[in-house]
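1. Sequence first, then the predicted structure:
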Amino acid sequence: MPDVPPPAPRPRRPVPRAGLLLVCIGLVALVLRTPIVAVAPVLGQLRDELGITAAQAGLLTTVPVLCFAVASPLASVAIRRLGVEFAITATLVGVLAGVLVRSAGGVGAAMAGTVVIGLAITVGNIAVPLLIRRDFPPHRHSAATGLYTAALNIGSTLAALLTAPLAEAAGWRLALAASASAVLAGVVVWWLTAGRRAVVPGAVSRPAPAGRAPAGGRWAAAGLAAGFSGQAFAYYGVTAWLPSLLGDTVGMTVVGAGAASSFFQVFAIAGGLGVPLAARRFSTARVAAAIGVLWLSLPVGLLLAPAQWWAWTALGGVAQGGGITVIFVAIMQLARDNASAGRISAVVQSVGYGFGALAPTVVGAVQARTGSWTAALLVVLAATAAYLLGTTLSVRAIARRGRVR
């Protein structure tokens, strides 16, 4: 009886590129917020060792946001010239370099590393949504963007929870440098996904001119800029002052107020993941309006019933995670192509983060001037109202444009 050759081994099923892309998006999103949020828990140790003032220490958290505002237009131009793949590589390498420089020296190194981190993250803020728009079908834009924004807040939460214990065990330098591990993981997965394109600059292909944009496109973009301004102002204002507010109005200890404010970050994960699920059953305009109402509930609730802070911070957290998801998806729907998406995103983020950078100072100044949190919360209320009106009206206009194309 002739020998029967053994069956050929079944080839391994390749990992779908979409799956790797989702992993990459999650890892890059962790990198885009962790190095910024990690500074706050160790500001005291950092000030004592470097001998800097409170104002100088505050720059370590505000400079990256200023970079988002100032450098977004330049980042958009660079991405169009160099390509999305190379831009994400530049983001990862830039954040890694900035994190190491910030932890390695004195005051000058800390400031220089912070600027490098801010500029690198600015590129990533625009490049990742462009990657989602280009490489995922339209019906998956919302889900991929929700994962992206959820991962942003997971990074913020991990940094807020883990940095202080790491600093107590190993010092603030190693605690701040710990985020480099997420960057290295991102580099490995990104290389597996993008291959040679990750390190070779390649200009984005320029499509043929699409003609004049339908009427109302600029107004829709302006509305998104107004909505994102309200979103960023409320987020950074609440993040900076919520622990102090809870201490003054509810009588919490410093440790308790800091832990309580983590509700605002944790529930943002639910917001980022919940928007795509809600968009399957309801129109995007209704989802945007619902997110706006949740945003309003935070300052209104803290004004009227501060003892129920846990409910208001949870609802506000859902709003801030879902709010940025709605805006990024709306930008994808408004743009004709990836190049225009980059330009619109740059304008919206530049304006929005400009207002966000002002928020801690403005909210703190209003509270100090009046001696009460009432006026400060009214300022936050105005910002959340700007989100509700600007985003909802823009999303409705974009939906109407989509139906008549």
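-> Good, I have the coordinates. Numbers count the residues shown, from 1 in each chain.
2. what ranges of the stretch 1-150 of the chain fall below the confidence cut-off?
-> Residue ranges of the stretch 1-150 of the chain with pLDDT under 70: 1-17.
3. where do the helices sit along it?
-> 17-37, 43-50, 54-82, 84-104, 107-135, 141-170 (DSSP state H, counting those that start in this stretch).
4. How about the contacts made by the spatially most central residue of the chain?
-> Geometric centre of the chain, nearest residue: residue 152, 5.4 Å, by Cα atoms, centre = their mean. Applying Cβ atoms under 8 Å, 6 or more residues apart in numbering to residue 152 gives the contacts 29, 30, 32, 33, 268, 272, 324. For the C-beta atoms, the positions are set from N, CA and C on the backbone; glycine is no exception.
5. Of the residues you listed - the most surrounded one?
-> residue 268 (29 neighbours; other Cβ atoms under 10 Å).
6. So that residue is in contact with residue 321, correct?
-> Yes: between residue 268 and residue 321 there is a contact at 3.1 Å, judged by Cβ atoms under 8 Å.
7. Pull up the overlap in contacts between these two.
-> Between them, residue 268 and residue 321 have 149, 150, 153 as joint contacts when contacts are counted by Cβ under 8 Å, 6+ apart.
8. quick one: which of these is nearest residue 342?
-> Comparing the shared contacts of residue 268 and residue 321 against residue 342 with Cβ to Cβ places residue 149 closest, at 18.3 Å.
9. Count the residues that sit near residue 249.
-> 17.
10. going forward can the numbers begin at 38, since that is how I track them
-> Okay, residue one is now 38; in that scheme the one you just asked about reads as residue 286.
11. Excluding chain neighbours, what is closest to it?
-> residue 343 (4.5 Å; Cβ to Cβ, 6 or more residues apart in numbering).
12. list the contacts for that neighbour?
-> 283, 286, 287.
13. And for residue 333?
-> Residue 333 neighbours (Cβ under 8 Å, 6+ apart): 418, 421, 422, 425.
14. next one: residue 370
-> Counted by Cβ under 8 Å, 6+ apart, residue 370 has contacts 175, 178, 321, 435, 439.
15. what about residue 103, how many neighbours?
-> When neighbours are counted by other Cβ under 10 Å, residue 103 comes out with 18.
16. Spit out the contact partners of the nearest residue to it once chain neighbours are set aside.
-> Closest residue in space to residue 103, ignoring its immediate chain neighbours: residue 394 at 5.0 Å, by Cβ to Cβ, 6+ apart. By Cβ under 8 Å, 6+ apart, residue 394 lies in contact with 99, 102, 103, 105, 106, 273.
17. And residue 394, how close does it get to residue 235?
-> Using Cβ to Cβ, to the nearest Å, residue 394 is found at 31 Å from residue 235.
18. thinking residue 107 is in contact with residue 387, fair?
-> Yes: using Cβ under 8 Å, residue 107 makes contact with residue 387 at a distance of 7.4 Å.
19. Compare neighbour counts for the two and give me the winner.
-> residue 387 (22 against 16).
20. my guess is the more buried one contacts residue 111, does it?
-> No: counting by Cβ under 8 Å, residue 387 does not reach residue 111; the two are 9.7 Å apart.
21. Next up, the contacts around residue 121.
-> By Cβ under 8 Å, 6+ apart, the neighbours of residue 121 are 164, 167, 168, 171, 241, 375.
22. Kindly report the same for residue 397.
-> 95, 99, 273, 274, 277, 278.
23. Which of the helices or strands spans it?
-> Here residue 397, judged by DSSP states H and E, is contained in helix 375-407.
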